[in-house]
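Asks: sequence and predicted structure, then a few things I'm wondering about:
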Amino acid sequence: MVHPRNSSTNRYPLFKEIFGEVKGQTVFDFGGGSGNLLYFSEGNIEESKYTCTDVSRDSVNQGKLEFSKSSFIQFNRFNWMYNHEGSTQLEFPEVDKNQDYIWAYSVFSHTDLDEFVKTVLWLTSFNFKKIAVSFLTFNEMLIWAYNKRTNEYGNCVDIKKYINSKRNILYFFDNDKIIFDDFKLPFTRHKYLLTFYNENFLKEIFWQHGIEINILHPRDGFIPFLVINNV
Ligand SMILES: C[S@@+](CC[C@H](N)C(=O)[O-])C[C@H]1O[C@@H](n2cnc3c(N)ncnc32)[C@H](O)[C@@H]1O
């Protein structure tokens, strides 16, 4: 599945607010699909300094065709929604670890916590300046997801009632199934998986792994980012 490119999928303003100008710097887009971030940066991210990795072969192939000076790397890891044929054993791709700015947008809203934590730990082993990773929390995005699924499929389990919930994690599968608070999900295949986290819980989990995270809410504030500065 290739993530769409249209006016509602332009994330560059969020990237710019968190990282500022990145001309001449290397950028690693984890789960970056076909390179929408690079496209919407309109040259502010240099094509030759951009590396993207994704589990979706079609996305990576499309990115390679469009941006021949960048590095697009497919890695065939299983994902509950995007890559049912992938391996559950293969953890990370082979990439150049000299990456100044590391970005992952809406990737861990489609995985379990275990994968989220392991990947962020791997990213902190890079030679980086700043990492920014988006996630979903128990806010208006629950209403947005509920309305979207109801409009598209006619029905949806009531996830909007969990707005401001004190739960730690909510996994929402397809239209009808919810699992709370498990760290690790079984490798079952779904058309749709959205994961919501309690922000303080996430901070605590990363702190237990020796990583201090800041949580920022750029622009409209609905999508929080976990931000790590290399000190
Ligand atoms: C909602 S799309 C967002 C795409 C892109 N980040 C953007 O903002 O345009 C989620 C992307 O994450 C990718 N993905 C999911 N799990 C992944 C993983 N473990 N490693 C790399 N990419 C992953 C999917 O294939 C998909 O392209």
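Replies: Everything's here; your move. Residues are numbered from 1 along each chain as shown.

Asks: how about the biggest helix by length in the chain: buried residues?
Replies: Secondary structure of the chain per DSSP state H: the longest helix is helix 141-153. In terms of neighbour count (16 or more other Cβ atoms under 10 Å), helix 141-153 has its buried residues at 141-142, 145-146, 149. Every residue, glycine included, has its C-beta placed from N, CA and C.

Asks: that helix vs the ligand: in contact?
Replies: No. If you take Cβ under 6 Å from any ligand atom as the test, helix 141-153 misses the ligand, and the best it gets is 12.4 Å.

Asks: end to end, how far does stretch 38-57 reach?
Replies: In stretch 38-57, first residue to last residue: 18 Å (Cα to Cα, to the nearest Å).

Asks: 36 is where my numbering starts, stick with that
Replies: Understood, numbering begins at 36; the last thing we discussed is stretch 73-92.

Asks: so it, near the ligand or not?
Replies: Yes. Applying Cβ under 6 Å from any ligand atom, one finds stretch 73-92 touching the ligand at 88-91.

Asks: and what of stretch 94-109?
Replies: Yes. Stretch 94-109 lies within reach of the ligand by Cβ under 6 Å from any ligand atom, at Ser94.

Asks: quick one: mean pLDDT over that stretch.
Replies: For stretch 94-109, the mean per-residue pLDDT is 97.

Asks: how long is that stretch from one end to the other?
Replies: 9 Å.

Asks: check which residues of that stretch are buried.
Replies: Those would be 94-95, 97-99, 102, 105-107, 109, for stretch 94-109 by 16+ other Cβ under 10 Å.

Asks: tell me which of those fall in strands.
Replies: Among the buried residues of stretch 94-109, DSSP state E puts 106-107, 109 in strands.

Asks: distance of the most centrally placed residue in the chain from the ligand?
Replies: Central residue of the chain (Cα atoms, centre = their mean): Val142, 2.3 Å from the mean position. Distance, Val142 to the ligand, using Cβ to the nearest ligand atom, to the nearest Å: 4 Å.

Asks: next one: Tyr47
Replies: Counting by Cβ to the nearest ligand atom - Tyr47 and the ligand are separated by 10 Å.

Asks: I figured that residue hits Gly67, correct?
Replies: No. Between Tyr47 and Gly67 there is no contact under Cβ atoms under 8 Å: 12.0 Å.

Asks: shared neighbours, those two?
Replies: Residues touching both Tyr47 and Gly67 (Cβ atoms under 8 Å, 6 or more residues apart in numbering): there are none.

Asks: quick check, pLDDT for His225.
Replies: Note for His225: predicted pLDDT of 88.

Asks: that one: which element?
Replies: Assigned by DSSP states H and E, His225 belongs to no helix or strand.

Asks: close enough to count as contact, it and Asn118?
Replies: No. Using Cβ under 8 Å, His225 makes no contact with Asn118, being 11.7 Å away.

Asks: hang on, the earlier thing: quick check on the residue nearest to the residue nearest to the centre of the chain when sequence neighbours are not counted: phi, psi?
Replies: Nearest non-adjacent residue to Val142, counting by Cβ to Cβ, 6 or more residues apart in numbering: Gly66, 3.3 Å away. Here is the backbone geometry of Gly66 (degrees, to the nearest 10): phi 70, psi 40.
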